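[1] sequence plus the predicted model coming up.
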Amino acid sequence: MTDPVQDRLDFAIALAVQAGHMAASMRAGLGRPDAKSPIDFCTEADRAVERLVTEQVRTRFGDAVIGEEYGGASADSVWVVDPIDGTNEYIHGTKRWCVSLAYVRGGMIEAGIIYAPVDDRLYAARRGDVAFLNGRRMGVSRLAHGSVPVIEAGWSDRVPIADYAALLQRLEALGFEFRRHGSGALALAEVAAGLNDGYVELHMNAWDALAGLLLAHEAGGVVNDFLADDGLTKGNLVVACTPEIGDRLMEAARWRS
Ligand code: IPD
Ligand code: CA
């Protein structure tokens, strides 16, 4: 019996690794990046990786693709692709960037793959199954560290900076420690791996969020319903965390609504 989701997951794992290595190999020869906003940039590597992924997926499965750089239309069977998440980190030469691939069918995130080439970390999950980091089962922190919960709080200029500042104040008031590292997809994968306790961002696009949200959920975390209210095309709030702090983090994130 063929298993269409497993076929796609297996394929996407190999593709994410290939795509990550391609981006890494292009890093040294990059020209000036193009500015999409004062803090949002695109490099030739972003475009080349998205073209690679789109071509491979269409050739192999004939599925639709929505990508950060070239867009695309939704369909019942669609891949949502961020060729490089953390583009500013990539440009600056840090290791905090990744390739993020999600497969959505019938309105459900069926598979999520995130590959961070510099650390050679491959995160993968299938809906209703376990989540893996480099082939080993991973799980959310459950606050087993016994320390203060650490939340990564993402920000882009799609959200007023005053709202972000208010979010940080809410986090502090609710007893959280916080940070921002520049790749929302990677931060969500790190929730799944128990390397931080939660992630919150007031607006993320689907290509940044979907793979990481599935990873966090299948690793035992709580996540918000990103695809509600047309999140696939419009983006949405993102909350993902270890269950012990779910109510508190949702409270911090939803104070505006
Ligand atoms: C951005 C990063 C950032 C997040 C932004 C995203 P990009 O994606 O994930 O951490 O806070 O919302 O737009 O531009 O690096 O692919
Ligand atoms: Ca990107």
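    Received it, and whenever you're ready, just let me know what you need. Ligands and ions are numbered 1, 2, ... in the order given.
[2] how about the residues of this structure near ligand 2?
    Near ligand 2, the residues belonging to the chain are 68, 82, 84-85, 87 when assessed by C-beta under 5 Å from the ion. For the C-beta atoms, the positions are set from N, CA and C on the backbone; glycine is no exception.
[3] dump the residues you listed to CSV, plus distance to Y123 and secondary structure.
    Conversion of those to CSV gives the following (distance: C-beta to C-beta, whole Å; DSSP: H, G, I helix; E, B strand; the rest coil):
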residue, distance to Y123, secondary structure
E68, 19, coil
D82, 13, strand
I84, 16, strand
D85, 12, strand
T87, 19, helix
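[4] now neighbour count and pLDDT too, for those residues, in a markdown table please.
    Below are the residues of the chain next to ligand 2 laid out as a markdown table (neighbours: other C-beta atoms under 10 Å; pLDDT from 0 to 100):
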| residue | neighbour count | pLDDT |
| --- | --- | --- |
| E68 | 24 | 95 |
| D82 | 32 | 98 |
| I84 | 30 | 98 |
| D85 | 31 | 98 |
| T87 | 24 | 97 |
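[5] list of residues touching stretch 55-72?
    7-8, 11, 15, 42, 46-47, 50-51, 53-54, 73-75, 77-83, 103, 205-208, 232 (C-beta atoms under 8 Å, 6 or more residues apart in numbering).
[6] if we go to 7 Å?
    Contacts to stretch 55-72, defined as C-beta atoms under 7 Å, 6 or more residues apart in numbering, come from residues 8, 11, 15, 42, 46-47, 50, 54, 73-75, 77-83, 205-207.
[7] ditto for stretch 30-47
    23, 26-27, 69, 83-84, 87-88, 91, 156-157.
[8] kindly report the same for stretch 138-147.
    If you take C-beta under 7 Å, 6+ apart as the criterion, stretch 138-147 is touched by 131-132, 149, 191-194, 197, 216, 219-221, 242, 244.
[9] among these, which ones are in helices?
    Using DSSP state H, 191-192, 216 are the members of these that sit in helices.
[10] can you list the residues you listed in TSV and add distance to A116 and neighbour count?
    Listed next are these as TSV, based on distance: C-beta to C-beta, whole Å; neighbours: other C-beta atoms under 10 Å:
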residue	distance to A116	neighbour count
V191	14	29
A192	13	32
A216	16	31
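[11] wait, which of those residues is closest to ligand 1?
    Ranked by distance to ligand 1 (C-beta to the nearest ligand atom), these are led by V191 at 13.4 Å.
[12] give me every residue that touches that closest one.
    Residues near V191 by C-beta under 7 Å, 6+ apart: 140, 198-199, 216, 221, 240-241.
[13] could you report the neighbour count for D163?
    By the measure other C-beta atoms under 10 Å, the count of residues near D163 is 13.
[14] please disregard the earlier target; I meant T2.
    Applying other C-beta under 10 Å, we find 5 other residues in the vicinity of T2.
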